[in-house]
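**Student:** no FASTA, just this:
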């Protein structure tokens, strides 16, 4: 029951491969076509989209990734540092532990927003029902279209008592400082596309309909920007993990120099006991 | 017993932080000083070393990271794809599972080589016992020095029947194609430093002493290059995890499009049964 | 903004604790009240439910846990073994990697079934809307009630084109051999409660309504049995991870003695190449 | 290059397997020979040792496992709870994150002690150099033998400035309350074997030689007891992960009811800021 009776082609991967004297990554010869030519972000783009990024796409991708790399001593960063305390010989375990907290509450909203926007454009957009693309309108009254798409998508969520992803932040209540900068960069690069613009409409419609003014958050804007830059919406949640890995490795470097895990444990135990 | 009686300064992190209207990463204002200005690799360098990389350091860092991102359907990539099969709703778990295989056998040798070389220069180098630096010789007969350092370090390992890290590769027996290219890039950037050069001497001495010609491998060269580019040897093992995350996310993208996990499971079960 | 202005009581845990000369677990003195008195399964029950299990509850718990411990070279077991290949020094990473595949596809259905049944009894059961309990009927025409509950719950799922959890198995198409045995044990222990019985009705109703005869699977029966034995439905997904850990540790023991990870990698690489 | 040219027997596992109408685990028929007959601990013993445990072995195994299940809000438990905060939809990730901290510092010492003792008996014991067994003396002046073994093993460690595993505890400085109870249980079950007894000698010799009185800790005694109960020393580090999983699932149950992760994060952020 091999999936392919004619051979084992199903066991091949395009991502990377090696023979005794060559290594390829993403269809390119690693030494001559990747090393010294592509940045790590550009390689990530290639592996995820199967296309080399334009300069504009690479700049937006880097802007999103650095914007999501770290947010201080979050539960995720604490998990990495506390895991290092118990298993300092296995740095990979400490980074993995931190990544495991990048779920529906933290970082996951980037991917949720990407999927929400792509789905809304697909189902309610100008091109909906016609060609199966993302519903990107190729002219005409695009902003009017996006307003209508936003209205349909937000209404559906509110009726289902479901949250609209990409809006609101527990700390940055008055507005997330990453958001205007990201829109600025995307605009400068000619990549202020339908997902980023729809997200603006969604925020406006949501405020009108719900009466709660929840500004766009950094994860949501990042997710929208990645899709406008060519990343498939279903892979946004994966791509942002690359950003978080960088932040977690930064926390590890700090933990090696100034350990926080052990004193935090002792502090918690002491406070819990002092209260008895 | 808080570590610092005067307050809770020990709970602060330099890596990242947020107030309601600002976010800093690595001591920089995220929107104005990082987004649109630093690539993800440059931010990683900043977070790990607390210095902004020079252009040369950034180029070497990217060259090393792309060289270690992927090597095909390795056990690590398979773990990511098989984990996705069971928990497609948690991409972070699939990436974490793949990272957990980046231990002493795979990828870990980059960090082992970095520590081995830094320790050898520290203990046997020209500056050994004088100033506590990495033993980097500031002139004089450097290559003679490095030969002596290599002889002492290799002898110590062989006497202890221990492997010399950074040499040999199960697939690339005649030479790892990443290695000459990495030396070329480091040289072009003026970063062919004592660790990369010591590794060359180590390979020569090892071949003479052991009679086995084990060429430098990509992980070893990468580890040496990172230290020459300013990454602390103890953090090399952490930094290379960033590279591997990119490869694993690439495998996830492929797994979403052409699933391998489920057919691989069925194939294994069928072959095992057919043999009974 | 500590959650409790009066002190740090929020930092205390009931699960376990230690002073210099005592250790407590689940409110009991570990040396005198737990060691030599409770099995590991009984301790798990205590920690999850905050009650000591009756003998009957402990027997059903063990029966469920052993029934879900292992199912051969599943993707989860393969992830553990392949992770050990790359990081043999960190057994905790290999076990963690295997657990990460216990998501919505594998093992997760036990928890999904538990939640589905508890929710159905809560919303459609005899006690629905009255007292907030699980809807367990205390007499009267219970089996008639359960038939009605099953009809409402299955109809809701089918209308939403959603799967009914707990039914069907890709291998055990004609019936999962764990299921009748689990019902037998629960019955013998007087714990054939509303969740297990509702699941039987659900399977019947589903076959009638959908025309597809999907027998109850082991994960579903296990989830139902755990709730009937007193485990909160929301914790079933956590409890079954204990069972899977045992299977994964078994695979590790076998991997140490007869490594599969490295040959599997080589085999895959060779087959992929042979096909080119 | 399949390991076995004659077929795919290398792809078979003894741990578990399934056909459409049967499931086996550890060579036994799961429904009829395991469910209702073996506890989860007994199944773990079977899978790891390939032998069914005697009643005595099962009792010692359970005593060790419950003794290592939890120790309060350790870094490992905190990692589980903080990971749940970020990814409440993936309980498997929260448990995995906690397990990743069970490394060289926490829990790992159980396995380190087991390996240290088994190696000492092997190299310095009465049977050393004769039959390759664990050096278990079959009569004669056993306690004299063990004293000599302990002296040789401790001397070797102290000369290498290495720690002797199994001794000392940061909290239980005057003696770990688990230890006398575990010796009592092992004695009552007739399983006070060479590893547990050697550990007593090791503690005495270490105190004499080093001048530091470090009592036996619970992890060390647990590791020794597992080997005396028949668990291979190399698998002790794996087996104790089963115990820790139970404690972590207990913390998850508490976290669902009384969340600690989010308030802890806020508390840390607030304290760090208040100090600026």
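**Tutor:** Here it is on my side, so go on. What you see is a predicted model; the values in this text were computed from it and never measured.
**Student:** and chain B, is stretch A:224-244 touching that?
**Tutor:** Yes - using Cβ under 8 Å from any Cβ of the partner chain, stretch A:224-244 reaches chain B at A:232, A:234-235, A:237-239, A:241-243. All C-beta spots, glycine's among them, are computed from the backbone N, C-alpha and C.
**Student:** which of those has the most neighbours?
**Tutor:** When neighbours are counted by other Cβ atoms under 10 Å in any protein chain shown, residue A:239 leads those with 31 neighbours.
**Student:** dump the residue contacts of the residue nearest the centre of chain A.
**Tutor:** The residue lying closest to the centre of chain A (Cα atoms, centre = their mean) is residue A:240, at 3.4 Å. Shown in contact with residue A:240 (Cβ atoms under 8 Å, 6 or more residues apart in numbering or on different chains): A:64-65, A:68, A:102, A:107, A:110-111, A:219, A:222-223, A:226.
**Student:** okay, angle between the helix or strand in which residue A:249 is found and helix B:236-257 too, please.
**Tutor:** If you go by DSSP states H and E, residue A:249 is part of helix A:236-257. For helix A:236-257 against helix B:236-257, the angle by axes from the mean of the first three to the mean of the last three Cα atoms, to 10 degrees is 170 degrees.
**Student:** quick one: contacts of whatever helix or strand comes next after helix A:236-257?
**Tutor:** Next helix or strand after helix A:236-257 toward the C-terminus (DSSP H and E): helix A:261-274. Outside of helix A:261-274, the residues within contact range by Cβ under 8 Å, 6+ apart are A:78, A:81-82, A:84-86, A:255, B:1-3, B:10-11, C:7-9, C:11-13, C:19, D:72-75, D:78, D:264, D:268.
**Student:** picking that back up, so how far is residue A:78 from the residue nearest to the residue nearest to the centre of chain A when sequence neighbours are not counted?
**Tutor:** Nearest non-adjacent residue to residue A:240, counting by Cβ to Cβ, 6 or more residues apart in numbering or on different chains: residue A:110, 4.8 Å away. Note on residue A:110: its distance to residue A:78, by Cβ to Cβ, to the nearest Å, is 20 Å.
**Student:** same question, residue A:250
**Tutor:** Counting by Cβ to Cβ, the gap from residue A:250 to residue A:78 is 14 Å.
**Student:** do residue A:235 as well
**Tutor:** Using Cβ to Cβ, residue A:235 is found at 27 Å from residue A:78.
**Student:** equivalent analysis for residue A:267, please.
**Tutor:** 13 Å.
**Student:** between these two, which one's more packed in?
**Tutor:** Neighbours per residue (other Cβ under 10 Å) separate residue A:267 from residue A:78, with residue A:78 holding more: 30 against 21.
**Student:** OK, contacts around that one?
**Tutor:** Residue A:78 is in contact with A:264, D:78-79, D:82, D:264-265, D:268, counting by Cβ under 8 Å, 6+ apart.
**Student:** gap between the host helix or strand of it and the chain center?
**Tutor:** Residue A:78 is located in helix A:75-86, with elements delineated by DSSP H and E. Mean-position distance between helix A:75-86 and its chain equals 22 Å (Cα atoms, centre = their mean, to the nearest Å).
**Student:** now do it and helix D:75-86, the angle between them.
**Tutor:** Here helix A:75-86 runs at an angle of 160 degrees relative to helix D:75-86 (the same axes, to 10 degrees).
**Student:** give me the contact status of the helix or strand just after helix A:75-86 with chain B.
**Tutor:** Counting by DSSP H and E, the next helix or strand C-terminal to helix A:75-86 is helix A:91-99. Yes - against chain B, helix A:91-99 shows contacts by Cβ under 8 Å from any Cβ at A:91-93, A:95-97, A:99.
**Student:** which helices and strands does helix A:91-99 pack with?
**Tutor:** Secondary-structure packing of helix A:91-99 (3 or more Cβ pairs under 8 Å, 6 or more residues apart in numbering or on different chains; DSSP states H and E): helix A:75-86, helix A:236-257, helix B:91-99, helix B:236-257, helix C:91-99, helix D:91-99.
**Student:** of all the ones you listed, which lies closest to residue A:195?
**Tutor:** Among these, the nearest to residue A:195 by Cβ to Cβ is helix A:236-257 (10.0 Å).
**Student:** which of the helices and strands packed on helix A:91-99 sits closest to residue A:119?
**Tutor:** With Cβ to Cβ as the measure, helix A:236-257 is the member of the helices and strands packed on helix A:91-99 nearest residue A:119 (12.7 Å).
**Student:** residues touching whatever residue of the stretch 101-250 of chain A ends up closest to chain D, list them.
**Tutor:** Nearest residue of the stretch 101-250 of chain A to chain D: residue A:103, at 2.3 Å (Cβ to the nearest Cβ). With contact set as Cβ under 8 Å, 6+ apart, residue A:103 has these partners: B:90, B:92, D:86-90, D:93.
**Student:** go again with 6 Å.
**Tutor:** D:86-87, D:90 (Cβ atoms under 6 Å, 6 or more residues apart in numbering or on different chains).
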